[in-house]
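[1] Model the structure of this input:
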Amino acid sequence: MALVGALLLLGLGTGGTPAAAAATCAGVQSDFNGDGIRDTVIADPDATVAGKERAGLVHIVLGGGKGVVEISQDTPNVADSPETGDQFGFSVAVYDANKDGCSDLAVGIPYEDVGTVRDAGYVQVVFGSTTAVGQEFPSKGFIQGANQPLGGGPEEDDWLGYAVAAGMSTTGHPFLVIGVPGEDGAGGVDMGLIGYVYGTDFKAASVSQNSTGVWEDAEPYDRFGASIAATDRFFVVGAPGESTGTVAFAGGVQAFRPSINSNGIPDPLFGMGQGRVPGPDSAAQTDDRYGSALAMAPYRPAGAATITDALLAVGVPGEDLGTAVDAGAVHVYHLKADGTVTLVNWIDQNTADVEGEAEPGDFFGQRLAAVNTATNVVSTAATMRLAVGVPGDEATEETPEAGGVQIFPMLGPPGASDAWIAPGEGIPSGPASRTYAGISLGSSPSSLYVGVPYGPVEGHAVHAFPWNTASGGAPTQTWRPGEGGIPAGGAAFGAAVR
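    Numbering: from 1, shown residues only. So this is what the prediction gives:
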């Protein structure tokens, strides 16, 4: 990393945190230019930038047909420079980091080299603006190191930024959670940790499974921080490599409140593996990888005057169902305002009335997206929706790993209103080998975003589907390289979308 990039990372010589646009930004979610219209973030972490292969970039498609902004480390006021294999945009999160009313973009770059330390990782917050999205103000960056907000030190294969999630607490403090699943420690390799950045002055803390109040102890290959989900009241961190007794890679999750406690970290609520809350097959099994994917949506239970709780979906893509190895499953939980948790649903493709059939290698639950489509009313099965990626689904014997996406209600019987979309069945490009549809999912209150970054190049796109779509229903909008102001080309267009 160049010296100039390091100085920007520390916030030196940047002129401080931007706040100039406060009077003119509309304050709408995912609105980077402050015009009151939702924008769409589409990442291509494998894109070539300035001749550097897999340096990565992010497209911000401005709502209302106002153009496309391309953000990379070759963009003015975005720190550092593109380098081969960085994968800028591997993970993304959207929040209002400086509370000026314009949305800001947190970009994970887990394969960024820090000095001579390979794949230590880096996260940049790129600021929205009414005049020049991502370019008017210097970005704010985070690494590990002496005198850095996250402390510790960069190590090879830390993968800082492998996962990111963000939100605004109920007390009005913006927060960003940064996964560092490759973090090593005295106990061994890949134990993992998270960085927690909060407030408009970007205070930060580091949290591991050895932190006070956090469930379990840090162990080799836990990979705490490999997945993260957040609402304004809670955030949850996955440790898909967590061992349960002698059961390796069973997986686990830890829930927090975003408020800082007396130990100087976000307040831990509970941790759990698959066996904590009983279900149809609650015993943890080797390589279940519970917590590989997480999704969470705000929830208003009956009798509540407003949003108080959340529904959490936990992906278990390595779950074996009978003889179907790695068929996969998803658990849905109710996180209550008092910090307790109950199981709502166990979902797999063998669940009663659910379309399809669980098969070996489906990896049902490898990716998840969740939404509350109407936060101003008591939540129901119609408003609480869940999308489950099934990237290993085999359309035909000739098209292995074509993939697909299944949509479910988060409340009530999962098979009551589920829908299946896949290449050739709603997704416009026909089934092809190793398309891995379902490997990229995003959500807004009105749309489920399905990225198709792999498979035949002509099929690379992001499709928006209504949450109440029927099986095989057509998308309402599609973004493709070379169309609508998006530059042609692209290597993994849509690998992350928000």
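[2] where does the stretch 1-150 of the chain have low pLDDT?
    Scanning the stretch 1-150 of the chain for pLDDT under 70 picks out 1-23, 146-149.
[3] how about the strands in it?
    40-44, 57-61, 68-71, 91-95, 104-109, 122-126, 140-142 (DSSP state E, counting those that start in this stretch).
[4] now the stretch 151-300 of the chain
    164-168, 174-180, 193-198, 203-207, 227-230, 235-239, 252-260, 266-272, 293-299.
[5] any residues touching the fourth one, and which ones?
    Contact with strand 203-207 is made by 142, 149-152, 193-198, 214, 256, 260, 264-266, as judged by C-beta atoms under 8 Å, 6 or more residues apart in numbering. Using the backbone N, CA and C atoms, a C-beta is placed for each residue, glycine as well.
[6] Sketch out the low-pLDDT regions of the stretch 201-350 of the chain for me.
    In the stretch 201-350 of the chain, residues with pLDDT under 70: 276-282.
[7] For Val450, give the beta-bridge partners.
    Leu441, His463 (DSSP bridges).
[8] What is the burial count for it?
    31 (other C-beta atoms under 10 Å).
[9] isn't it right up against Tyr436?
    No - Val450 lies out of contact with Tyr436 (C-beta atoms under 8 Å); the separation is 11.4 Å.
[10] Quick check: Ala374 vs Gly195, distance?
    33 Å (C-beta to C-beta, to the nearest Å).
[11] Number of residues surrounding Ser208?
    20.
[12] from here on, count from 794
    Got it, first residue is 794 now, which makes that one Ser1001.
[13] which ones are touching the closest residue to it other than its chain neighbours?
    With C-beta to C-beta, 6 or more residues apart in numbering as the criterion, Ser1001 has its nearest non-adjacent residue at 4.1 Å, and that residue is Leu986. By C-beta under 8 Å, 6+ apart, the contact list for Leu986 reads 945, 973, 976, 999-1001, 1011, 1017-1018.
[14] State the pair within the residues you listed that is farthest apart.
    Using C-beta to C-beta, the pair of the contacts of Leu986 lying farthest apart is Gly945 and Phe1017, separated by 14.0 Å.
[15] Comparing these two, which shows the higher neighbour count?
    Phe1017 (32 against 19).
[16] Give the full set of residues in contact with that one.
    Phe1017 neighbours (C-beta under 8 Å, 6+ apart): 974, 984-987, 1001-1002, 1011, 1030-1032, 1035, 1047.
[17] quick one, strands of the stretch 1144-1291 of the chain?
    Counting by DSSP E, counting those that start in this stretch, the strands of the stretch 1144-1291 of the chain are 1160-1165, 1177-1182, 1198-1202, 1212-1216, 1219-1220, 1233-1236, 1240-1245, 1254-1259, 1270-1272, 1289-1290.
[18] Kindly reformat these as TSV containing distance to Gln917.
    Formatted as TSV, those follow (distance: least, C-beta to C-beta, whole Å):
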stretch	distance to Gln917
strand 1160-1165	23
strand 1177-1182	26
strand 1198-1202	30
strand 1212-1216	33
strand 1219-1220	31
strand 1233-1236	20
strand 1240-1245	21
strand 1254-1259	22
strand 1270-1272	23
strand 1289-1290	14
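[19] got JSON lines for the ones you listed, with distance to Leu1087 and mean pLDDT too?
    Converted to JSON lines, those look like this (distance: least, C-beta to C-beta, whole Å; pLDDT from 0 to 100):
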{"stretch": "strand 1160-1165", "distance to Leu1087": "7", "mean pLDDT": "98"}
{"stretch": "strand 1177-1182", "distance to Leu1087": "12", "mean pLDDT": "98"}
{"stretch": "strand 1198-1202", "distance to Leu1087": "16", "mean pLDDT": "98"}
{"stretch": "strand 1212-1216", "distance to Leu1087": "22", "mean pLDDT": "97"}
{"stretch": "strand 1219-1220", "distance to Leu1087": "24", "mean pLDDT": "96"}
{"stretch": "strand 1233-1236", "distance to Leu1087": "12", "mean pLDDT": "98"}
{"stretch": "strand 1240-1245", "distance to Leu1087": "17", "mean pLDDT": "98"}
{"stretch": "strand 1254-1259", "distance to Leu1087": "21", "mean pLDDT": "98"}
{"stretch": "strand 1270-1272", "distance to Leu1087": "25", "mean pLDDT": "97"}
{"stretch": "strand 1289-1290", "distance to Leu1087": "15", "mean pLDDT": "98"}
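[20] between those strands, which gets nearest to Thr1189?
    Here strand 1212-1216 is closest among those (C-beta to C-beta), at 11.0 Å.
[21] hmm, who's touching the closest one?
    In contact with strand 1212-1216 (C-beta under 8 Å, 6+ apart) are residues 1148-1149, 1186, 1188, 1195-1200, 1219-1220, 1222-1225, 1228, 1230, 1243, 1245, 1248, 1252, 1258, 1262-1266.
[22] Ala1097: how many residues sit nearby?
    13.
[23] Identify the residue nearest it in space, chain neighbours excluded?
    Nearest to Ala1097 is Val1171, by C-beta to C-beta, 6+ apart, at 7.3 Å.
[24] can you pull the contacts of that neighbour?
    1093-1097.
[25] Could you point out which of those is nearest to Asp1113?
    Pro1094 (33.5 Å).
[26] Determine the three-state secondary structure at that closest one.
    Under DSSP: H, G, I helix; E, B strand; the rest coil, Pro1094 falls in the coil class.
[27] Wait, it touches Ile1100, no?
    No - using C-beta under 8 Å, Pro1094 is not in contact with Ile1100, being 9.4 Å away.
[28] Give me the distance between Gly978 and Glu1012.
    10 Å.
[29] Can you check which residues contact both of these two?
    Met984.
[30] what about stretch 1168-1176, start to end distance?
    8 Å (C-alpha to C-alpha, to the nearest Å).
[31] And for stretch 1174-1194?
    End residues of stretch 1174-1194 are separated by 30 Å (C-alpha to C-alpha).
[32] likewise stretch 1153-1164?
    Note: stretch 1153-1164 ends 28 Å apart using C-alpha to C-alpha.
[33] And stretch 962-969, by the same measure?
    11 Å.
[34] That stretch - what's its average pLDDT?
    For stretch 962-969, mean pLDDT rounds to 96.
[35] hang on, the earlier thing: I'd like to know which of the contacts of Leu986 is nearest to Thr1079.
    Using C-beta to C-beta, these come closest to Thr1079 at Phe1017, 18.8 Å.
[36] how near is the closest one to Tyr955?
    Counting by C-beta to C-beta - Phe1017 and Tyr955 are separated by 11 Å.
[37] nearest to Ala1043, of the contacts of Leu986?
    For the contacts of Leu986, the nearest to Ala1043 is Phe1017 (13.7 Å; C-beta to C-beta).
[38] what residues are up against the residue nearest to the closest one when sequence neighbours are not counted?
    Computed as C-beta to C-beta, 6+ apart, the closest residue to Phe1017 that is not its neighbour in sequence is Gly985, at 3.4 Å. By C-beta under 8 Å, 6+ apart, the contact list for Gly985 reads 972-976, 1001-1002, 1011, 1015-1019, 1032, 1034.
[39] Kindly recompute the last result at 10 Å.
    951-952, 955, 972-978, 1001-1002, 1011-1012, 1014-1019, 1030-1035 (C-beta atoms under 10 Å, 6 or more residues apart in numbering).
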